[in-house]
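The following comprises the amino acid sequence and a computationally predicted model.
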Amino acid sequence: MIKFCGYLVSDEWLYQRGVELGYPHPNTYSSEIILPASRHVRLNTGIYYCTRFRQVQTKKGGHSWCIAFASNDPYEGLPTSAPSEEKYTCLKEALQKNGPPRWYRQAP
């Protein structure tokens, strides 16, 4: 079972970020806005090259996007342990999250 350590990011947050970037407000969920919005926040917080954008399973059984700093799968090209605070602080502030990143299972 593959796991990722990161912060959850909702579709709604990503769509709002996409609209702020000038994309038209979508009528349905679409990767045409999600991917550029995730790329933008990762670039602006300086973590683009040390993270991956993956879909994970939440603790309640739903699915969500995750900006991941680590993975237990060496083929992901990420560290296998949680990041230091200095690596995740900028993203934590941009997403307005509390606490360090958490571990989540990869979505089926």
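That came in fine, so what should we check first? Numbering: from 1, shown residues only.

contacting residues for V56?
Residues near V56 by C-beta atoms under 8 Å, 6 or more residues apart in numbering: 4, 6, 8, 63-66, 68, 104-107. (Glycine included, C-beta is placed from N, CA and C.)

do F4 as well
52, 54, 56, 66, 68, 70-71, 76, 78, 103-104, 106.

before we move on, back to that, any idea which of the contacts of V56 is closest to E20?
W65 (17.0 Å; C-beta to C-beta).

any idea how far the residue lying closest to the closest one once chain neighbours are set aside lies from Y75?
Spatial nearest neighbour of W65, excluding adjacent residues (C-beta to C-beta, 6 or more residues apart in numbering): V9 at 4.7 Å. Distance, V9 to Y75, using C-beta to C-beta, to the nearest Å: 23 Å.

partner residues bridging the spatially most central residue of the chain?
Nearest to the geometric centre of the chain sits I67, at 2.0 Å (C-alpha atoms, centre = their mean). Taking DSSP bridges as the rule, I67 bridges to Y7, F53.

follow-up on the earlier one: thought the residue nearest to W65 was touching C66?
Yes - V9 lies in contact with C66 (C-beta atoms under 8 Å); the separation is 7.0 Å.

neighbour-wise, which of those two wins?
Legend: neighbour count by other C-beta atoms under 10 Å for V9 and C66, higher for C66 (27 against 21).

Report the contact partners of that one.
4, 6-9, 53-56, 104.

Got a PyMOL select line for the buried ones in these?
Selection command for PyMOL covering only the buried members of the contacts of C66, criterion 16 or more other C-beta atoms under 10 Å:
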select buried, resi 4+6+7+8+9+53+54+56+104
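
so which of the contacts of C66 comes closest to T89?
Taking the contacts of C66 together and measuring to T89 by C-beta to C-beta, the closest member is Y7, at 11.5 Å.

Thanks a lot, catch you later.
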